[in-house]
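Engineer: Here is a sequence together with a model predicted from it:
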Amino acid sequence: MQEFAFGLWRIWKNRNDVVFKGSHCQPNEILTVWRKNIGEYREAMNHGSLDEGAVRPLKSPLMMPALWEKPQFGTFKLNTDASWCSASFRAGAGWVIRDFAGILHAAGGSGTSTFHCAAAAEAHAIRTGLQYCTEYGFENVFVEADAKTVILMINKGTAPNCSFECILGDIEVLARRLTSVTFGFVPRERNRAAYSVAKFVFKEGKDFVWDHVGPEFLFNVLAQDYVPVSLSFHITCSVSQLQTAAAKAVNDRVFERNEICLGLPSKGSMAADTLDLLKDCQLPVKHVNPGQYVAQIPQLAFLGVDIEI
């Protein structure tokens, strides 16, 4: 699969050189560059050199950074985070509320408070988010924060820090006002939305509250959170198959393809140039019946070829 992907990319690059630069390369030159690109890629992926001609498959599917996880139906997830400066003791507390569909309902933060330690600032962020939940009717809440020690204190997993025990007491009182509330730890990489809000309010030194629209910087972070966590896929150039695969990826998150299909234009100068380019690369397209939209490349028996209308 790696060889095929790099082969398509090298063919496309060579085609661009011919069209835009008037530069023509011999098939042997293209193959040399192709082998070099594959070798460099595998060396980077495996953090070491490979023997010439060796083939090593990827050890795992393409992994995206760990992302935010949606709560259960009927539950709102409150993510909180804090940004704290040890020199000035100034803190920025941020929070974000999303529902089971991942839709933003509110976000905000405070950049005007000071605390003697980062843990106190983290606890203040949780308190601020819970205050908004109680005031605006978010009854079933799952609170996530990347301050593990603070979460343990709230869940009675460790003794509270007496220096900000009053904040922990406020959190307990606010939690009792809700129908249900759960506190959980989440790594920083899955708490990016609240982290971005905390940084913003810290920088501005003001208090902010946004509705479901939210600020532009937060919109970009929320959009990234909707990308599937893990994708395992093969390459296809058929538009209809891409659409089907994309829909399946959304539902199943992980999908695999056993067939590879290359879509080629059927008319005009683009069709002729494409066929000529493949022929120059010793990959001639065999299209026996012009009335059909299926062809073959004999050198690549595993590849299906669709002639697109």
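Structural biologist: It's in. Numbers count the residues shown, from 1 in each chain.

Engineer: list the buried ones in the longest strand anywhere in the chain?
Structural biologist: When the chain is parsed with DSSP state E, its longest strand is strand 104-114. For strand 104-114, burial by neighbour count (16 or more other Cβ atoms under 10 Å) applies to 104-111, 113. Using the backbone N, CA and C atoms, a C-beta is placed for each residue, glycine as well.

Engineer: where along the stretch 1-150 of the chain do the helices fall?
Structural biologist: Using DSSP state H, counting those that start in this stretch, the helices of the stretch 1-150 of the chain run over 2-16, 27-46, 118-135, 148-154.

Engineer: sorry, back to before: what are the pairing partners of the longest strand of the chain, and which direction each?
Structural biologist: If you go by DSSP bridges, strand 104-114 pairs up with strand 90-98 (antiparallel), strand 207-210 (antiparallel).

Engineer: follow-up on the earlier one: as JSON lines, the helices of the stretch 1-150 of the chain with mean neighbour count and mean pLDDT would be great.
Structural biologist: Output for the helices of the stretch 1-150 of the chain, formatted as JSON lines (neighbours: other Cβ atoms under 10 Å; pLDDT from 0 to 100):
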{"stretch": "helix 2-16", "mean neighbour count": "15", "mean pLDDT": "75"}
{"stretch": "helix 27-46", "mean neighbour count": "14", "mean pLDDT": "76"}
{"stretch": "helix 118-135", "mean neighbour count": "23", "mean pLDDT": "96"}
{"stretch": "helix 148-154", "mean neighbour count": "20", "mean pLDDT": "96"}
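
Engineer: so which of these gets nearest residue 169?
Structural biologist: The stretch from these with the least distance to residue 169 (Cβ to Cβ) is helix 118-135; that distance is 9.7 Å.

Engineer: Which strands or helices does that closest one pack on?
Structural biologist: Helix 118-135 sits against strand 76-84, strand 90-98, strand 104-114, strand 140-145, helix 148-154, helix 165-176, with contacts defined as 3 or more Cβ pairs under 8 Å, 6 or more residues apart in numbering; DSSP states H and E.

Engineer: Where do the domain boundaries of the protein fall?
Structural biologist: For the chain, the structural domains run 1-59, 76-225, going by automatic domain parsing.

Engineer: Comparing those by mean pLDDT, which bottoms out?
Structural biologist: With a mean of 69, domain 1-59 has the lowest mean pLDDT of those.

Engineer: thinking again about what came up before, any chance of the helices and strands packed on helix 118-135 in JSON lines, with distance to residue 301 too?
Structural biologist: Output for the helices and strands packed on helix 118-135, formatted as JSON lines (distance: least, Cβ to Cβ, whole Å):
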{"stretch": "strand 76-84", "distance to residue 301": "50"}
{"stretch": "strand 90-98", "distance to residue 301": "49"}
{"stretch": "strand 104-114", "distance to residue 301": "50"}
{"stretch": "strand 140-145", "distance to residue 301": "51"}
{"stretch": "helix 148-154", "distance to residue 301": "54"}
{"stretch": "helix 165-176", "distance to residue 301": "64"}
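
Engineer: Any figure for the gap between residue 307 and residue 8?
Structural biologist: 17 Å (Cβ to Cβ, to the nearest Å).

Engineer: Residue 14 against residue 25, yeah?
Structural biologist: Yes - using Cβ atoms under 8 Å, residue 14 is in contact with residue 25, at 5.8 Å.

Engineer: so what pLDDT did residue 227 get?
Structural biologist: Looking at residue 227, its pLDDT is 51.

Engineer: Likewise for residue 230?
Structural biologist: For residue 230, the pLDDT comes out at 40.

Engineer: Going along the chain, name the strands of the stretch 151-300 of the chain.
Structural biologist: 180-185, 207-210, 230-231, 260-265, 294-295 (DSSP state E, counting those that start in this stretch).

Engineer: Which helix or strand contains residue 304?
Structural biologist: Using DSSP states H and E, residue 304 falls within strand 303-308.

Engineer: so what does that strand touch, helix or strand wise?
Structural biologist: With contacts defined as 3+ Cβ pairs under 8 Å, 6+ apart, strand 303-308 has these neighbours: strand 260-265, strand 294-295.
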